[in-house]
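Asks: sequence first, predicted coordinates after that:
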Amino acid sequence: QKRKDIGLADLEEVKASCEACKEVGAMVATGSTVKFGRIKQTNVRIMGVTENWSRIGSVRELIAGRHLVQDDLDSARPVAVIGADLMDAFFGPMEPLGRLIDLNGHQLRVVGVAERKGKIFGQSQDNFVWLPIDTYRKFYGSRRSIVIQAEARTMDLLEDAQDQARVAMRVRRHVGFGKPDDFNVETGETVMDFWKSATS
C-alpha cells in the first residue's frame, strides 16, 4: 500500500532499458458489471492492456475477430476483446463482432473473442474485457497503478532481463545504493511456487 504507483513512464523506461526483454507490456484492472441490452454480467475483470498483452506470459489465442492493435491504443478507441463467458451470456448463437456492450455508461465495440480457458481455483478465467490501456485510463482516470509484464528473449536471459528491468525502475525512481526496491518483481517461478503450495 505504501509503494509508489507504477505509471506508463515507468513502462517506457523498462522498454527502453531492457535489452534482454523480447516484449514489455502493461495492464491495469478493476471489477465491474457489463451490460448488453437488458442482460447484465457481474464481477467482470475489466483490463486495460497494451497491444502485446496477449503475447506475454499467459498467451491467449482468439476464436473470433482480432486482437487489440497499437492504433487502438494511440487513438484510445472504445473497442474490446471479450472472454467467452461474456459471449455466452450476451450473444448465444448471435455474431458478437461489431456489437456494442455497455461498461459503466461507456459503449465498447467488440472486435475479438478470446479462446476459452475454463476455471482455476473455482474462478472463471473467461469473465473479462480487454480494452486499450489508454481507453481504460480515459474512462477510469490515470491515477491507478499499472502492472508491467515482460518476457525475456530466451530462458537463458531470464535473470538478465529481471536485472535490467529492476535497474531501470531503481534508476527512474532514484533508489539509492543499498536501499530496498520500492516495487515488487515476480517471476513465473514465484507464481508456480504459490500454485504448488496452494494445491498440495
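Replies: On my side now, so go ahead.

Asks: quick one: mean pLDDT for stretch 86-103?
Replies: The average pLDDT for stretch 86-103 rounds to 95.

Asks: please renumber the chain so that the first residue is 38 from this point on.
Replies: Got it, the first residue is 38 from now on, which makes the last one we talked about stretch 123-140.

Asks: grab the CA positions of it and hand them over as PDB.
Replies: In PDB, the C-alpha atoms belonging to stretch 123-140 read as follows (Å, rounded to 0.1, in the frame of the first residue of the first chain):
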ATOM      1  CA  LEU A 123     -19.500 -12.700 -22.000                       C
ATOM      2  CA  MET A 124     -20.000 -14.100 -25.400                       C
ATOM      3  CA  ASP A 125     -22.200 -16.900 -23.900                       C
ATOM      4  CA  ALA A 126     -24.200 -14.500 -21.600                       C
ATOM      5  CA  PHE A 127     -24.800 -11.800 -24.200                       C
ATOM      6  CA  PHE A 128     -24.800 -13.300 -27.700                       C
ATOM      7  CA  GLY A 129     -25.600 -17.000 -27.600                       C
ATOM      8  CA  PRO A 130     -25.700 -18.100 -31.300                       C
ATOM      9  CA  MET A 131     -25.500 -14.400 -32.500                       C
ATOM     10  CA  GLU A 132     -22.400 -12.900 -34.100                       C
ATOM     11  CA  PRO A 133     -20.600 -11.000 -31.300                       C
ATOM     12  CA  LEU A 134     -18.200  -9.000 -33.500                       C
ATOM     13  CA  GLY A 135     -19.200  -5.400 -34.100                       C
ATOM     14  CA  ARG A 136     -21.800  -5.300 -31.300                       C
ATOM     15  CA  LEU A 137     -21.800  -2.700 -28.600                       C
ATOM     16  CA  ILE A 138     -21.500  -3.600 -24.900                       C
ATOM     17  CA  ASP A 139     -22.000  -1.100 -22.000                       C
ATOM     18  CA  LEU A 140     -19.300  -0.600 -19.500                       C
END
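
Asks: which one's the longest helix in the protein?
Replies: Secondary structure of the chain per DSSP state H: the longest helix is helix 195-209.

Asks: can you list the buried residues in that helix?
Replies: Across helix 195-209, burial judged by 16 or more other CB atoms under 10 Å covers Leu195, Asp197, Ala198, Gln199, Gln201, Ala202, Arg203, Ala205, Met206, Arg207, Arg209. Every C-beta, even on glycine, is put in place using the N, C-alpha and C of the backbone.

Asks: in a markdown table, list those residues along with pLDDT.
Replies: Converted to a markdown table, the buried residues of helix 195-209 look like this (pLDDT from 0 to 100):
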| residue | pLDDT |
| --- | --- |
| Leu195 | 89 |
| Asp197 | 94 |
| Ala198 | 94 |
| Gln199 | 93 |
| Gln201 | 96 |
| Ala202 | 96 |
| Arg203 | 95 |
| Ala205 | 95 |
| Met206 | 95 |
| Arg207 | 94 |
| Arg209 | 92 |
